[in-house]
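Asker: Would you be able to build a 3D model of this:
(one chain, ligands or ions: 1)
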Amino acid sequence: MSELITLSGVSVVHKTRAGGLLGSASVYALTEADLVVRAGETVGVVGESGCGKTTLARVLVGLQRPTAGVVGFRGRSLWEMSARERRLTFGASIGTVFQDPSTALNRRLTVQRIIADPLVVHGRGDRPGRAQRVRELMDLVGLPTAVADAVPAQLSGGQRQRVAIARALALEPALLVADEPTSALDVSVRAQILNLLDRLRSELGLAMVFVSHDIQTVRRMSDRVVTMYLGRIAEEAPAAAVEEVARHPYTHALFSATPRLLTPARPIPLRGRVPSATNPPSGCNFRTRCWRATDECAQALPPLEEEGEVRYRCLHPVRGPEDRVQPA
Ligand SMILES: Nc1ncnc2c1ncn2[C@@H]1O[C@H](COP(=O)(O)OP(=O)(O)OP(=O)(O)O)[C@@H](O)[C@H]1O
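Answerer: Purely as a prediction, here's the structure:
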């Protein structure tokens, strides 16, 4: 599969005034991320709140310029393109769906105007051609033609997210980046939107980056799971067998935190919160919450290990059920 987007050593550091009298503080939102997204595949990104998932998504869609590293798009460096070229080529190739459709859509515009917007901005087609394309897109995402002249406030949450998805697909992108696309929706419509995204990626051959804090959803939606912790990619593993093949304790901790029907939850407590991104722990940044950590974990960032399709950074990887249990 050809490479669509590559991140090489990509970091995003925000300077804030949180330092008060001491001056500015640095927030390490994303640190030295290496990632490849290939045509047609779905990459799921998972981690707790504040782990840098949205920052990664914003880098992938070109909304966030990295403070270090290279974002490559079809072999070219994104931030070396002119702004015009970036918008015309990259902007048209990547669609974005964010968490909350009520804030992502212009409240004053009708559904058909919202969906047509990217076509207008990119000068695609004439007026009748665009109207035809809007009808096709509405049909594709399951929106009834009756809502074409409605404004977002007249729609349900699920319908609003369908509008956002239709708009994201208007320019026939090669990649759709969906950042927590169902988190703001009622539980009853979440499955419908996930099914829609699943159908679209197979029907349209789309590549997708699917971001969620819920590892079960990420596993279901993806070919590959990327686990993020405190701004770093901790692990990458094939989705189908992730629970068995994952080596990083954090990936297992995320699984243990999800409710399950058939097997009892594993006894891995994910204690406390993610530490501050202003002052991340040295070495392995998960060590302060990890039941397998030793003094060695504080010394240096663990090297990248590769076992088949699994890539992780951990000195004490999980290799069997006994490693998943916290010692008494
Ligand atoms: N513009 C900004 N200025 C300062 N800090 C920021 C900014 N954007 C993000 N951060 C910080 O960067 C870190 C990563 O944030 P990010 O939103 O990427 O995490 P996330 O995993 O998407 O979390 P959530 O699930 O809550 O959206 C957090 O500590 C956040 O507070």
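
Asker: which SSE is the most centrally placed residue in the chain in?
Answerer: The centre of the chain sits closest to residue 211, judged by Cα atoms, centre = their mean, with a distance of 2.9 Å. In this assignment (DSSP states H and E), residue 211 forms part of strand 207-212.

Asker: Residue 9 too?
Answerer: With DSSP H and E as the test, residue 9 turns up in strand 3-16.

Asker: what does residue 250 give?
Answerer: helix 249-256.

Asker: Show me what secondary structure element comes after that helix.
Answerer: Toward the C-terminal end, the helix or strand that comes next after helix 249-256 (DSSP H and E) is strand 305-307.

Asker: elements contacting the next helix or strand after that following strand?
Answerer: Heading C-terminal from strand 305-307, the first helix or strand you meet, by DSSP H and E, is strand 310-312. On a contact count with 3 or more Cβ pairs under 8 Å, 6 or more residues apart in numbering; DSSP states H and E, strand 310-312 meets strand 232-238. Where C-beta positions appear, they are placed from N, C-alpha and C, glycine not excepted.

Asker: strands paired with the strand it packs on, and their directions?
Answerer: Partners of strand 232-238 in the sheet, by DSSP bridges, are strand 224-229 (antiparallel), strand 310-312 (antiparallel).

Asker: now the end-to-end length of stretch 291-300.
Answerer: 18 Å (Cα to Cα, to the nearest Å).

Asker: now swap in stretch 175-188 and tell me
Answerer: When the termini of stretch 175-188 are compared using Cα to Cα, they are 27 Å apart.

Asker: any idea which of the strands paired with strand 232-238 is most buried?
Answerer: Counting by mean count of other Cβ atoms under 10 Å, strand 224-229 has the highest mean neighbour count of the strands paired with strand 232-238, with a mean of 26.

Asker: what's the angle from it to strand 207-212?
Answerer: Note on geometry: by axes from the mean of the first three to the mean of the last three Cα atoms, to 10 degrees, strand 224-229 and strand 207-212 are set 40 degrees apart in direction.

Asker: could I get strand 224-229 in PDB with only the CA atoms?
Answerer: Output in PDB follows, covering the C-alpha atoms of strand 224-229 (Å, rounded to 0.1, in the frame of the first residue of the first chain):
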ATOM      1  CA  ARG A 224      -3.800  -0.900  13.300                       C
ATOM      2  CA  VAL A 225      -4.000   0.500  16.800                       C
ATOM      3  CA  VAL A 226      -1.700   3.300  18.000                       C
ATOM      4  CA  THR A 227      -1.500   3.800  21.700                       C
ATOM      5  CA  MET A 228      -0.600   7.300  22.900                       C
ATOM      6  CA  TYR A 229       0.500   8.300  26.400                       C
END
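
Asker: Quick check, residue 152 in contact with residue 103.
Answerer: No. Applying Cβ atoms under 8 Å, one finds residue 152 not in contact with residue 103, separated by 9.8 Å.

Asker: and residue 156, what does it touch?
Answerer: By Cβ atoms under 8 Å, 6 or more residues apart in numbering, the contact set of residue 156 is residue 189.

Asker: I'm done for today, thanks for sticking with me.
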